[in-house]
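Chemist: Provided below for reference: sequence and predicted model.
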Amino acid sequence: MNASVPVLMYHAVAGEPNAATRGLSVSPRAFAEQMAVLRELGRHPVTTADLAAHWRAPGSRPLPRDPVLITFDDGYAGVHRHALPVLAEHAFAATLFVSTGWLRGAYDTGGGPDAMLDWDQVRELAAGGVEIGGHSHSHPQLDQLDDDTLWTELIRCKEIIAGELGAVPLSFAYPYGYSSRRVRARVRAAGYRQALAVGNGPARRGQGPYAMRRLTVRRTTTVEEFTRLVQGRPLVRDIARDRALTKGYALVRRARGLGRKASLTRV
């Protein structure tokens, strides 16, 4: 059984991203170089569903040697234009987590922060071996929602994907990486079999299927730094910063949640 597996988190793949997405984007050239690194290191990309199924039943669901996950969040158009040809060239699997209200088409809420995919492109990605997972409908901080709104975000996303692709999504990624025990329980109740957070560390079976960690790939990530990430030698500078931010945000969100509960009690 694989003790730990690097799960790479991408967002936009774009030559000229806008200011809102630039920091968490990568250039098409950088993405191609990073996929070549995976090939040179002998890494074998699998989907999120493949990894979770293996950890549930290792004997019946074997994985290739030295697996890695390539994941994309939100649903940016560059994943189809720039990433898909590179993935196809290497015959690499990947997982795309889409916020259904951000994609161009009948369900578009207009909230997409940059050029987004349309559903024909999502279908082409799925046909090319990319697992399509859920990422909520409108990309909110799920742990800040009341129960009814949270459920609507999860189910609407799931039903739209199933209706457009003819297959129910099994995997989910928390917007912003934020979750809580309540959110994870609702994701499970909605029928998702596994879910990814951020955490900026390798995924391990002991994290459980609804709190699998990922490693952030940024526009500033060099080839040398990317190699360290994949080899399990994380960038201490970035991880320390991200974990401090995550802990700080968690405290703020917890305080907001307690404030809402207090207000409801007084009503």
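Modeler: It's in. Numbering: from 1, shown residues only.
Chemist: what about residue 143, neighbour count?
Modeler: 22 (other Cβ atoms under 10 Å). For glycine as for every other residue, the C-beta is placed from the backbone atoms N, C-alpha and C.
Chemist: with adjacent residues omitted, what lies nearest to it?
Modeler: residue 180 (4.4 Å; Cβ to Cβ, 6 or more residues apart in numbering).
Chemist: quick one, strands of the stretch 51-200 of the chain?
Modeler: Along the stretch 51-200 of the chain, the segments classed as strands by DSSP state E, counting those that start in this stretch run 67-74, 94-98, 130-134, 171-173, 194-199.
Chemist: export those to CSV and tack on mean pLDDT?
Modeler: Shown next, in CSV, are those (pLDDT from 0 to 100):
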stretch, mean pLDDT
strand 67-74, 98
strand 94-98, 98
strand 130-134, 98
strand 171-173, 98
strand 194-199, 95
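Chemist: sorry, back to before: report the separation between the residue nearest to residue 143 and residue 144.
Modeler: 10 Å (Cβ to Cβ, to the nearest Å).
Chemist: mind checking pLDDT for the residue nearest to residue 143?
Modeler: Looking at residue 180, its pLDDT stands at 97.
Chemist: can we start the residue count at 745 from this point?
Modeler: Got it, first residue is 745 now, which makes that one residue 924.
Chemist: surely it and residue 885 touch.
Modeler: No: using Cβ atoms under 8 Å, residue 924 makes no contact with residue 885, being 10.3 Å away.
Chemist: highest mean neighbour count out of the strands of the stretch 795-944 of the chain?
Modeler: strand 915-917 (a mean of 28; mean count of other Cβ atoms under 10 Å).
Chemist: what's it packed up against?
Modeler: Using 3 or more Cβ pairs under 8 Å, 6 or more residues apart in numbering; DSSP states H and E, the elements in contact with strand 915-917 are helix 792-800, strand 838-842, strand 874-878, strand 938-943.
Chemist: if we can go back for a sec, reformat the strands of the stretch 795-944 of the chain as a markdown table; add distance to residue 967.
Modeler: Converted to a markdown table, these look like this (distance: least, Cβ to Cβ, whole Å):
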| stretch | distance to residue 967 |
| --- | --- |
| strand 811-818 | 16 |
| strand 838-842 | 19 |
| strand 874-878 | 24 |
| strand 915-917 | 25 |
| strand 938-943 | 22 |
